[in-house]
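J.: what follows is a predicted structure for the sequence shown.
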Amino acid sequence: MKSLSLTPGQLTGLEAAFWLLLASSFWLMPDHLTLLSQILILGLFAVSLDLALGYAGILTVGHAALFGCGAYAAGLLAKHGWGEPFSGLLLALLVCAALGYALSYLIVRGADLTRLMITIGVCVLFGELANRLSGITGGTDGLQGIVIDPVLGLFEFDLWGKTAFVYAFVVVLAMFLVTRLIVSSPFGLALRGIHDSRKRMQAIGSPVAARLRMAYCFSAALAGVAGALMAQTSQFVGIEALSFNRSAEILIILVLGGTGRLYGGLIGAIVYMLVHDWFADLNPQYWMFWLGIFLIVVVMVGRGGIMGALSRLVRIRRA
């Protein structure tokens, strides 16, 4: 749970440089805007998981259930005649926040192994439910016929992904800033305390269960927004959005970037997706083998993920 040992001024400068570099990729990588949009969306999804796992210590490997519900909520709204994009985001946020809060009563009550099994069960259950309700969700064929209106009535979603990238960037930045406020607030500090020692927080009178439920609710809302972004920018929702494979992938991304560091999810998504794309082009037949080797090396060498390795480098240079 340690952060980079930098002054506030240095952190502000690095954060500004990070987001400016992401924004400049609109001009630096114009042929890869679709990939960059997916990176931003997966980064927000990883941040939502980090809020539950890295800050609150809620062990979950079924977060794709919330991501997929957000995607289907926004997709179904657009398919049935209401394609205004921000309305879809709001609906996904509300639906997943309510769903996350309801599920939190099951997840928060148990121990780590119990939470693990519950989240896996919820993910599998939702995937099977989406498959059975094929008349609504499209089943294994996916939800098709999604038409998203121009953003603010002016900017249509084009084939080159320009509008999708700018739209995703603005939404992800806004959600990230909100998350940053949450984790730096007294509520966020309480979550850190619960993560470090739940018994001590209970001993000082902190409402541990209530705080964990709210943390999972916030995490679910962020995951829902990420899912809605995926549905709106691709104008398609596949049943794999609810799959356990998607949950495992986002967990790998978060561990790669570093848990409990907020930027770990974003950095992990950037590195994972770029390496994923590079290996797929380099060796289309055995790219998963090389990707697995890369992930093992990173985890073995960089304890705490990429952000953990950077933190150690800063401390070594100062020493």
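T.: Nice, thanks for sending it over.
J.: only C-alpha atoms for contact and neighbour calcs from this point on.
T.: Fine.
J.: so where do the helices sit in the stretch 51-200 of the chain?
T.: For the stretch 51-200 of the chain, the helices defined by DSSP state H, counting those that start in this stretch cover 64-79, 85-107, 112-132, 134-137, 162-184, 186-196, 198-203.
J.: deepest-packed of those helices, please.
T.: The highest mean neighbour count among the helices of the stretch 51-200 of the chain, using mean count of other Cα atoms under 10 Å, belongs to helix 64-79: a mean of 29.
J.: contacts only, for Val147.
T.: Taking Cα atoms under 8 Å, 6 or more residues apart in numbering, we find Val147 in contact with Ala78, Lys79, Gly83, Gln235.
J.: how about these in TSV, adding distance to Thr114 and pLDDT?
T.: Below are the contacts of Val147 laid out as TSV (distance: Cα to Cα, whole Å; pLDDT from 0 to 100):
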residue	distance to Thr114	pLDDT
Ala78	37	89
Lys79	37	88
Gly83	39	84
Gln235	36	88
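J.: where does the stretch 1-150 of the chain have low pLDDT?
T.: Low-confidence segments of the stretch 1-150 of the chain, defined by pLDDT under 70: 1-11, 110.
J.: again, only this time at 50
T.: 1-9 (pLDDT under 50).
J.: give me the nearest residue to Phe126, chain neighbours excluded.
T.: Once flanking residues are discounted, Phe126 sits nearest to Ala65: 6.3 Å by Cα to Cα, 6 or more residues apart in numbering.
J.: do I have it right that the one you found meets Leu129?
T.: No - using Cα atoms under 8 Å, Ala65 is not in contact with Leu129; the gap is 10.9 Å.
J.: can you tell me how far the residue nearest to Phe126 sits from Gly88?
T.: Using Cα to Cα, to the nearest Å, Ala65 is found at 18 Å from Gly88.
J.: please apply the same query to Asp277.
T.: Distance from Asp277 to Gly88, by Cα to Cα: 29 Å.
J.: cool, and Asp50?
T.: Noted for Asp50: a distance of 24 Å to Gly88, by Cα to Cα.
J.: please apply the same query to Leu35.
T.: According to Cα to Cα, Leu35 stands 22 Å off from Gly88.
J.: thinking again about what came up before, the contacts of Val147 into JSON lines, with extra columns for distance to Tyr216?
T.: As requested, the contacts of Val147 are exported to JSON lines (distance: Cα to Cα, whole Å):
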{"residue": "Ala78", "distance to Tyr216": "27"}
{"residue": "Lys79", "distance to Tyr216": "29"}
{"residue": "Gly83", "distance to Tyr216": "28"}
{"residue": "Gln235", "distance to Tyr216": "28"}
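J.: farthest pair within these?
T.: Gly83 and Gln235 (10.5 Å; Cα to Cα).
J.: the longest helix belonging to the chain to helix 64-79, inter-axis angle?
T.: Longest helix in the chain by number of residues (criterion: DSSP state H): helix 208-234. Interaxial angle of helix 208-234 relative to helix 64-79 (axes from the mean of the first three to the mean of the last three Cα atoms, to 10 degrees): 50 degrees.
J.: average pLDDT for helix 208-234?
T.: Helix 208-234 comes out with an average pLDDT of 92.
J.: between helix 85-107 and that helix, find me the angle.
T.: Helix 208-234 and helix 85-107 are oriented at 150 degrees to each other (the same axes, to 10 degrees).
J.: for helix 208-234, buried residues please.
T.: By 16 or more other Cα atoms under 10 Å, the buried positions in helix 208-234 come out as 208-209, 211-234.
J.: what helix or strand is the residue nearest in space to the middle of the chain on?
T.: Centrality entry for the chain: nearest residue to the mean C-alpha point is Phe45, 1.0 Å, by Cα atoms, centre = their mean. Using DSSP states H and E, Phe45 falls within helix 33-50.
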